[in-house]
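Q: Quick one, fold the following:
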Amino acid sequence: MSNAASENRPRWKRVILKLSGEALAEPTGFGLDTGVLQQVALEIKDAREALGVDVAIVVGGGNFWRGLKGAGQGMDQAQADFMGMIATVMNGLALQDALERVGQHSRVMTAVEMPKVAEPYIRRRAERHLEKGRVVIFAGGTGNPFFTTDTAAALRAAEIDAQAILKGTHSGVDGVYTADPKLDPTATRYDRVSHKEVIEKELRVMDATAIAFCRDNRIPIVVFDVSTPGNIRSVLEGRPVGTLVG
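A: Residues are numbered from 1 along each chain as shown. Below is the predicted model:
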């Protein structure tokens, strides 16, 4: 696809952008990096304005709290997971602030009701926000313990008829590899891999529940480095960025 054609016809018209909490964190891996938030916000606004793509975001909360860590320390896992859901709302509000600062209207919708700070998740309302050109940030995971935000991204993608999930990685990981590239220097990156191969080879893309759901609902996933400026638009224009799972 030529650049001119891709500008007029983005690869997908509606996508879910999956961001981990760590992708928004300071170099220590904790808290929030305002520079990263602004970069992501500007790129999302560019995708909306230049390509007309509907963008919804599912955000994690690992920069504040990880439910598995709490459970590993003896905490009741359901309780730990609910704490993690609250952490995702914190990240959602930070993303909303960053988007509004660059002039992109947005809404935070959470599966765990917090009427003072965010809208409750209602599928038809979310679709209406997207139709009006707003970015919708889905926080609170699925609203249930024992499920990850990867699964939330897969579920929301199916519910709002998103055509793909863009999974933004960080720390220099730019796709799906045959092994962990940080530990194995011989690891090679896949340009494309099937959902079935990801499950059978236990490749680290998303959790198994999310991958199986995407396979069953024929939702492609692009794994790419969100920290590289311009990558969100490049993926949407169909450039060879990251790894396509599908």
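
Q: Which helix runs longest in this protein?
A: Determined from DSSP state H, the single longest helix within the chain is helix 77-101.

Q: where does the residue lying farthest from the centre of the chain fall, helix, sheet strand or coil?
A: Centroid-distance maximum for the chain: residue 74 at 29.0 Å, with C-alpha atoms, centre = their mean. Of the three states, residue 74 takes coil under DSSP: H, G, I helix; E, B strand; the rest coil.

Q: show me what contacts the residue nearest to residue 100 when sequence neighbours are not counted?
A: In this structure, residue 100 finds its nearest non-sequential neighbour in residue 106, 6.4 Å apart by C-beta to C-beta, 6 or more residues apart in numbering. Yep, even glycine has a C-beta here, placed from its N, CA and C like the rest. Residue 106 makes contact with 95-96, 99-100, 134-137, according to C-beta atoms under 8 Å, 6 or more residues apart in numbering.

Q: Equivalent analysis for residue 46, please.
A: Residue 46 touches 232-233, counting by C-beta under 8 Å, 6+ apart.

Q: go with 10 Å
A: Counting by C-beta atoms under 10 Å, 6 or more residues apart in numbering, residue 46 makes contact with 53, 102, 104, 230, 232-233, 236.

Q: Report the residue spans of this protein with pLDDT below the cut-off.
A: Low-confidence segments of the chain, defined by pLDDT under 70, span residues 1-8, 67-71.

Q: mind listing the helices for it?
A: Here the chain has its helices, by DSSP H, at 3-8, 34-46, 67-72, 77-101, 123-131, 149-159, 195-200, 208-216, 231-236.

Q: quick one: which of those helices is nearest residue 173?
A: Nearest to residue 173 among the helices of the chain is helix 231-236; the distance by C-beta to C-beta comes to 12.3 Å.

Q: Could you check how far the closest one is from the centre of its chain?
A: Offset of helix 231-236 from its chain centre (C-alpha atoms, centre = their mean, to the nearest Å): 14 Å.

Q: Stretch 132-145 too?
A: On the basis of C-alpha atoms, centre = their mean, stretch 132-145 sits 10 Å off its chain's mean C-alpha point.

Q: can you pull the buried residues of it?
A: By neighbour count on 16 or more other C-beta atoms under 10 Å, the buried set for stretch 132-145 is 134-142, 145.

Q: In TSV: the helices of the chain, plus distance to residue 167.
A: As requested, these are arranged in TSV below (distance: least, C-beta to C-beta, whole Å):
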stretch	distance to residue 167
helix 3-8	21
helix 34-46	14
helix 67-72	19
helix 77-101	16
helix 123-131	19
helix 149-159	8
helix 195-200	12
helix 208-216	10
helix 231-236	10
